[in-house]
Structure formats: C-alpha cells, structure tokens
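> What shape does this take:
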Amino acid sequence: MSSKTYRWLIPVVIIVLIIFIAISSFSGTYNKMVQLEESVKASWGQVENVYQRRMDLIPNLVETVKGYAAHESDTLSAVTEARSKVGGVINISDEVLKDPAAFQRFQQAQGELSSALQRLMVVSEQYPDLKANQNFLALQDQLEGTENRIAVERMRFNDSAQGYNTYIKQFPRMMIANMSGFDEIPYFQASEGADTAPAVKF
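Okay, the predicted model is just below:
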C-alpha cells in the first residue's frame with residue numbers, strides 16, 4: 001500500500017471507531033434506562049398488588065363491624081365511600097407513573113382510605129364483643145399485615161424510582177433520556193398530617 005492509501009485509511013478507521021463507540025455508548029445507556037424503568041414498573045405492580053389485597057379485605061371487615069356496631073353508620077359509610085373512590089383509580093396501568101397528576105390522585109385516594117380505616121379501627125375499640133370476635137380479630141390481623149406490606153412496597157418503589165431518576169438525570173444520560181422519552185417518576189410521599197394521630201370523638 002502506498003502512503004497515499006494510508007492517509008485515507010487512517011481517518012476512515014478513526015471515524016468508524018468513533019461511530020462504533022458512540023453507538024455502543026448510546027445503546028448501553030438506553031438499555032440501562034429500559035432495565036431501570038422496568039424495575040420501577042415491577043415495584044409499582046407490587047404496590048398495586050398489596051393495595052388490591054387491602055381492597056378485598058375491607059367489605060368483610062365492614063360487614064363484621066356492622067354486625068356489632070351498625071349505628072356507627074358515619075364511620076362505616078366513610079370507609080365504604082373511600083373504598084369506592086379508590087376503586088375508580090386502583091385498576092390503572094403503569095402509565096400513571098408518567099402522569100404526576102394521576103399519581104397524586106392515586107396516592108390521595110389511598111390516603112383517604114387509610115384514614116377511614118384508622119377511624120374504623122379506633123371506633124371498634126369501644127365494642128368489647130366485637131374485639132373478641134374471632135372473625136374480626138383475623139380480619140384485623142390481615143389488615144395490619146397488609147398495611148405493613150403497603151409500607152414496605154412503597155419504600156421499595158421509592159428506592160427503584162430514586163435509582164431510575166438519578167440515572168436519567170445525570171449528564172450526558174439526560175440528553176439520551178430526553179430524546180428517548182424517559183421521564184422522571186414521582187415518589188410516594190407521606191400524606192399531609194400523617195405525623196398527627198387521627199382525632200376520634202365518641
């Protein structure tokens with residue numbers, strides 16, 4: 001090969017290497033974003049799963065309490081109404097993760113249901129026969145276990161969302177994220193007034 005050929009070959013090899021490195025870097029970053037986003041979606045699925053478990057327990061709990069404290073109609077109605085509101089947003093896809101307003105509505109509805117359930121459990125304390133009922137005790141245990149699972153799954157979701165959000169916000173990945181439609185995912189936050197115990201008047 002002549003020196004003239006080498007002069008042409010070297011720039012071509014350099015350009016090909018640069019393109020190869022750029023494509024490899026882009027595809028590696030893109031694939032990592034997909035992996036992290038799928039991890040967040042899986043965590044979201046678990047959050048929905050435990051919320052659904054709570055939804056399934058509530059009718060039995062309300063019916064059991066109603067048998068002993070039917071005149072506590074305000075509290076029973078509040079739980080039923082809160083469950084109904086949640087029913088309007090519980091069966092939502094992971095697309096809610098891309099819509100902060102929908103995510104906020106989901107979180108608010110769940111918070112209202114949690115508050116209504118707390119009031120129901122506090123009211124039930126004044127009925128000794130109800131507190132001794134085996135069915136009620138079993139439902140109460142299941143509900144407490146479910147509430148613990150909700151807290152754990154929400155924490156796991158927030159951890160996944162933090163890893164994903166941190167990754168897509170770092171330079172130069174944020175340019176790839178913006179071009180590819182990877183958006184920030186909102187976090188679960190404590191409900192307003194969650195640091196204060198609910199006031200219940202008899």
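> use CA for all of it now, contacts and neighbours both
Fine.
> which residues touch the helix or strand bottoming out on mean pLDDT in the chain?
Scoring the helices and strands of the chain by mean pLDDT, DSSP states H and E places helix 73-90 at the bottom, with a mean of 82. Contacts of helix 73-90 with the rest of the structure, by CA atoms under 8 Å, 6 or more residues apart in numbering, involve 48, 51-52, 55, 58-59, 62, 66, 105-106, 109-110, 112-113, 116-117, 119-120.
> what about the lengthiest helix in the chain, average pLDDT?
Criterion DSSP state H: the longest helix present in the chain is helix 3-69. For helix 3-69, the mean pLDDT works out to 84.
> Return the distance of I18 relative to M179.
20 Å (CA to CA, to the nearest Å).
> The two: who's more crowded?
I18 (12 against 9; other CA atoms under 10 Å).
> quick one: contacts for the more buried one?
Taking CA under 8 Å, 6+ apart as the definition, I18 has no contacts.
> and Q126, how many neighbours?
12.
> Next, it: phi, psi?
Q126 adopts backbone torsions of phi -90, psi 10, taken as degrees, to the nearest 10.
> now swap in E153 and tell me
Residue torsions, per degrees, to the nearest 10, at E153 are phi -70, psi -30.
> now G181
According to degrees, to the nearest 10, G181 has phi 80, psi 30.
> if we can go back for a sec, so how do I select the buried members of the contacts of helix 73-90 in ChimeraX?
Listed next is the ChimeraX selection for buried residues among the contacts of helix 73-90, using 16 or more other CA atoms under 10 Å:
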select :48,51,52,55,58,62,106,109,110,112,113,116,117,119,120
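> I appreciate the help and will end here.
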